[in-house]
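Chemist: no sequence on this one, just coordinates:
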């Protein structure tokens, strides 16, 4: 990872007990995920770019330099490939959901339901990724076709497509920007929420804080972000909402959803209303318990994958965030991390976690071309493109148990956990 090797060792000691993610009134979305196993703090020194200097000594390329590294041919959409990817995710998802209709609603079947939820939610996550690609205009050359594919897929997954598209664009435009960023923006230690986080974490201890953070973020992080904008950027104020523009969701220096966006917000809400009505009718037809198990359990897993991917893309103990005076687009985008999700997840989720640096440099590149783009970026900027080989469970636990609030680096190289 991009870090000053001497400072990294110091940080691993001084920041080992980082702070319990903000409570609901502040930033509960900076809570973290369920640990599978513990990883030694020093293991983060084995990163692909450990040999280069800390951010204040790095010469970052310009945005144009980064974009010019990726040939324009990579943004060329192959409709046949796009439809094949959608068909794979959709067919596998439908088959998995169909299995759920046959599992008995009995306590003895609980292990089967758990396995069903994990498999179905993981498979259906591929549909989420395709909708995400539609939101970046990287799925189909016909924008109307692309709009409807993304809108329908996200509505089926209870995601407000157009409002998500707007906030996600801001996330790309302001990656790791403390004021203008959107989603997974940490609290500063100097803020009231940061001090609260610090106090809670010290009281609970690192282990319990990490476990609670994992459970909280996985189960509630995504709905709380949509409903109340938790862990959004400082400039947008708190709370914000993806469903309503008026009071009390309009307090920031910047407006997350301007008045001109009202029609798109209503259309997003309409898609969710239609889906909720369909679920209600299914409950009347088959029983509420059946719908909660068949739809609700995989829904939680889909959300967990979404949160895990996004969080691990931009957060770790040696990844800085920047304030307005020091942030640049290239500097922020290059704090993105590629991680080793393995061939099966890369297939099911269309490589979203293994090619995410390329995605942040040019989100118009479709997933099947992103592999080539990632290779070109690593070849051109080997010391700046981040890759963390830590297995995903270990990376999740490290981030969950140590990444709570940020404080300014004494050398002036941004804000670190």
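Modeler: Arrived safely. Predicted, not measured: the structure shown is a model, and the values here were computed from it.

Chemist: tally of neighbours for residue 314?
Modeler: Applying other Cβ atoms under 10 Å, we find 24 residues neighbouring residue 314. Just so you know, the C-beta spots here come from the backbone N, C-alpha and C atoms, and that holds for glycine as well.

Chemist: and the gap between residue 262 and residue 379?
Modeler: 45 Å (Cβ to Cβ, to the nearest Å).

Chemist: show the pLDDT at the closest residue to residue 119 other than its chain neighbours.
Modeler: With sequence-adjacent residues excluded and distances taken as Cβ to Cβ, 6 or more residues apart in numbering, residue 119 is closest to residue 96, at 6.0 Å. Per-residue confidence (pLDDT) for residue 96: 98.

Chemist: list the contacts for residue 96?
Modeler: When contacts are counted by Cβ atoms under 8 Å, 6 or more residues apart in numbering, residue 96 touches 116, 119, 120, 123, 124, 298.

Chemist: try it again with 7 Å
Modeler: Residue 96 makes contact with 119, 120, 123, according to Cβ atoms under 7 Å, 6 or more residues apart in numbering.

Chemist: the second one touches residue 98, doesn't it?
Modeler: Put plainly, it is residue 120. No: contact criterion Cβ atoms under 7 Å: residue 120 and residue 98 do not qualify, at 9.7 Å.

Chemist: out of the two, which sits in the busier spot?
Modeler: Taking other Cβ under 10 Å, residue 120 and residue 98 do not tie; residue 120 has more neighbours (25 against 11).

Chemist: select from the contacts of residue 96 every entry located in helices.
Modeler: Members of the contacts of residue 96 lying in helices (criterion: DSSP state H): 119, 120, 123.

Chemist: in the stretch 1-150 of the chain, where is pLDDT below threshold?
Modeler: Residue ranges of the stretch 1-150 of the chain with pLDDT under 70: 1-56.

Chemist: try it again at 50.
Modeler: Residues of the stretch 1-150 of the chain meeting the criterion pLDDT under 50: 1-53.

Chemist: name the element residue 147 belongs to?
Modeler: Assigned by DSSP states H and E, residue 147 belongs to helix 143-156.

Chemist: ugh, typo on my part, it should be residue 224
Modeler: Element membership for residue 224, per DSSP H and E: helix 206-228.

Chemist: following that helix, which helix or strand comes up?
Modeler: As assigned by DSSP H and E, the chain's next helix or strand after helix 206-228 is helix 262-286.

Chemist: which neighbouring elements make contact with that next one?
Modeler: Contacts defined by 3 or more Cβ pairs under 7 Å, 6 or more residues apart in numbering; DSSP states H and E place helix 262-286 against helix 143-156, helix 161-173, helix 288-291.

Chemist: mind listing what residue 158 touches?
Modeler: Residues in contact with residue 158 (Cβ under 7 Å, 6+ apart) are 272, 275, 299.

Chemist: gap between the helix or strand harbouring the last one and the chain center?
Modeler: This means residue 299. Assessed by DSSP H and E, residue 299 sits inside helix 297-314. Distance, stretch centre to chain centre, for helix 297-314: 7 Å (Cα atoms, centre = their mean, to the nearest Å).

Chemist: stretch 254-261 too?
Modeler: Here the centre of stretch 254-261 is set off from its chain's centre by 22 Å, with Cα atoms, centre = their mean.

Chemist: please apply the same query to stretch 275-292.
Modeler: When C-alpha coordinates are averaged (Cα atoms, centre = their mean), stretch 275-292 and its chain have centres 29 Å apart.

Chemist: now that stretch: buried residues?
Modeler: Under the neighbour-count criterion of 16 or more other Cβ atoms under 10 Å, stretch 275-292 has 275, 279, 290, 291 buried.
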